[in-house]
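Trainee: this is a predicted model, with the sequence first.
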Number of protein chains: 2
Amino acid sequence: MTQPTREKILDAVFALVYTKGYNGTSMSMILEACQIPKGSLYHHFSSKKAMVLAVLKERIAPRMDQFYDLRASAENHEIDTIIAAIVKVADNRELLCYGCPLNRLNQEMAPVDNDFEYEINIIYEALKDKLVQLLKRSRLQENVNSEMLSEFIIATVWGALSLSPNHSSKARYLQTISHLIAYLKTLKR
Amino acid sequence: MTQPTREKILDAVFALVYTKGYNGTSMSMILEACQIPKGSLYHHFSSKKAMVLAVLKERIAPRMDQFYDLRASAENHEIDTIIAAIVKVADNRELLCYGCPLNRLNQEMAPVDNDFEYEINIIYEALKDKLVQLLKRSRLQENVNSEMLSEFIIATVWGALSLSPNHSSKARYLQTISHLIAYLKTLKR
DNA sequence: GGTAAAGTAGACCATTCAGTCTAATTTCAG
DNA sequence: CTGAAATTAGACTGAATGGTCTACTTTACC
């Protein structure tokens, strides 16, 4: 056994739900991807919904932490740290193709299921808070509200990743966010 | 007969697919919403997919035209015309709750279906071109590429409308895009 | 008024859906 | 080695899925 069954399931479900959506992913697809029988799946998770909620907490949440990995450096202005994180996104082909996994699940499930809305919001707030903390430490133009600016940054990156056609290129993403970067630089003090 | 059956179907399918997604909408839900028998539905459309592609062309495309209704005025700077259109979005409760219908369908269907990707891209390009034409007529700072700026504007608005929690408020939307507005104003010449 | 086309009506179909159930097997503690 | 718990195995279920088919009714034109 190379990987515990439960972990194997979470990996497969993440990949499927991320690329095909919750309603676009069936149990049989998951079973085939995992190469396990149905009994194993329902031993570890009580339902499809419970499974995807686990994916949210155990796969998507850590990914969000990892991607906006904002190691503050004493040398750089915090704004530059954030810009570097945004630019780094361009190197992830999956992100360019499918967008932010949290945003995808949010758009599909939050309007129709309170449990999803709740769990997604927790992850979103954590993501936002990380940005807020960084911005609060930085020297910015006056009248800049860190919370509002954080939401603006996340919104723009999410939007840039979801532009049609879905399979957006690295160059296109970078061009789109070049305006965001230019704006952020004007906020430095 | 108050409304032709075909139009009634398109309206119902738009509302359902917009709020619940393509895979979250079943034929039986559509039938119940329309209060028509199955025979009528399949008389007008050969399949679920054909139906939603028709919704794209006959409902979503016109909406996009309508919402970014950018009547240029000789008095206002084109940037202000665009800002007004962006602010107007805040008055649409559906948009605040479910986001841009084109963006929703794009995220769900474009990665898994070429026909959807193609049709969505046509509508997206039309939307973008409208902005590009307006920007090209306007006096902007040098080095501003109208096409890139248009994509940035659309991305930001789409992103602001898809922030978690999904049911975002008018105030929250306006706060988020206040940064976009501030940036756009700096581009005026 | 007759007739052909357009549209309505809903029973019916194979397939797939998420989920259940019982049994076999493996794991591990004592 | 033994027995209990954890896990694997997959046949099975009822409901829902998208779609077909034939029959009936309305509409519109000659």
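Mentor: It's in. Residues are numbered from 1 along each chain as shown, chains lettered A, B, ... in the order given.

Trainee: from here on, contacts and neighbour counts on C-alpha atoms
Mentor: Fine.

Trainee: nearest spatial neighbour of residue A:44, skipping sequence neighbours?
Mentor: Among residues not flanking residue A:44 along the chain, residue A:6 sits closest, at 6.4 Å (C-alpha to C-alpha, 6 or more residues apart in numbering or on different chains).

Trainee: please report how far the one you found lies from DNA strand D.
Mentor: Going from residue A:6 to DNA strand D by C-alpha to the nearest atom of the strand, to the nearest Å gives 7 Å.

Trainee: okay, now that residue: neighbour count?
Mentor: When neighbours are defined as other C-alpha atoms under 10 Å in any protein chain shown, residue A:6 has 14 of them.

Trainee: swap in residue A:45?
Mentor: Neighbours of residue A:45 using other C-alpha under 10 Å come to 15.

Trainee: element containing the nearest residue to it once chain neighbours are set aside, please.
Mentor: Leaving aside its chain neighbours, residue A:45 sits nearest to residue A:51 (5.7 Å; criterion: C-alpha to C-alpha, 6+ apart). Assigning secondary structure by DSSP states H and E places residue A:51 in helix A:48-55.

Trainee: is it true that the residue nearest to residue A:45 touches residue A:41?
Mentor: No. Contact criterion C-alpha atoms under 8 Å: residue A:51 and residue A:41 do not qualify, at 9.2 Å.

Trainee: ok so, going back, check the residue nearest to residue A:44 and give its pLDDT.
Mentor: Listed pLDDT for residue A:6 reads 96.

Trainee: quick one: it from chain B, how far?
Mentor: Note on residue A:6: its distance to chain B, by C-alpha to the nearest C-alpha, to the nearest Å, is 27 Å.

Trainee: mind checking the SS state of that residue?
Mentor: Of the three states, residue A:6 takes helix under DSSP: H, G, I helix; E, B strand; the rest coil.

Trainee: okay, it and DNA strand C: tell me how far apart.
Mentor: Residue A:6 is 14 Å from DNA strand C, by C-alpha to the nearest atom of the strand.

Trainee: cool, residue A:24 as well?
Mentor: Taken as C-alpha to the nearest atom of the strand, the span from residue A:24 to DNA strand C is 8 Å.

Trainee: and that residue, what pLDDT?
Mentor: 98.

Trainee: just give the number of residues close to the residue in chain A that DNA strand D sits nearest to.
Mentor: Here chain A gets closest to DNA strand D at one residue, residue A:39, 3.1 Å apart by C-alpha to the nearest atom of the strand. Per other C-alpha under 10 Å, the neighbour tally for residue A:39 reads 8.

Trainee: quick one, what contacts residue A:162?
Mentor: Taking C-alpha atoms under 8 Å, 6 or more residues apart in numbering or on different chains, we find residue A:162 in contact with A:98, A:99, B:103, B:106, B:107, B:155.

Trainee: how does it look with 7 Å?
Mentor: A:99, B:107 (C-alpha atoms under 7 Å, 6 or more residues apart in numbering or on different chains).

Trainee: how far out from the middle of the chain is the helix or strand of chain A with the lowest mean pLDDT?
Mentor: When the helices and strands of chain A are scored by mean pLDDT, DSSP states H and E, helix A:61-67 comes last with a mean of 89. On the basis of C-alpha atoms, centre = their mean, to the nearest Å, helix A:61-67 sits 7 Å off its chain's mean C-alpha point.
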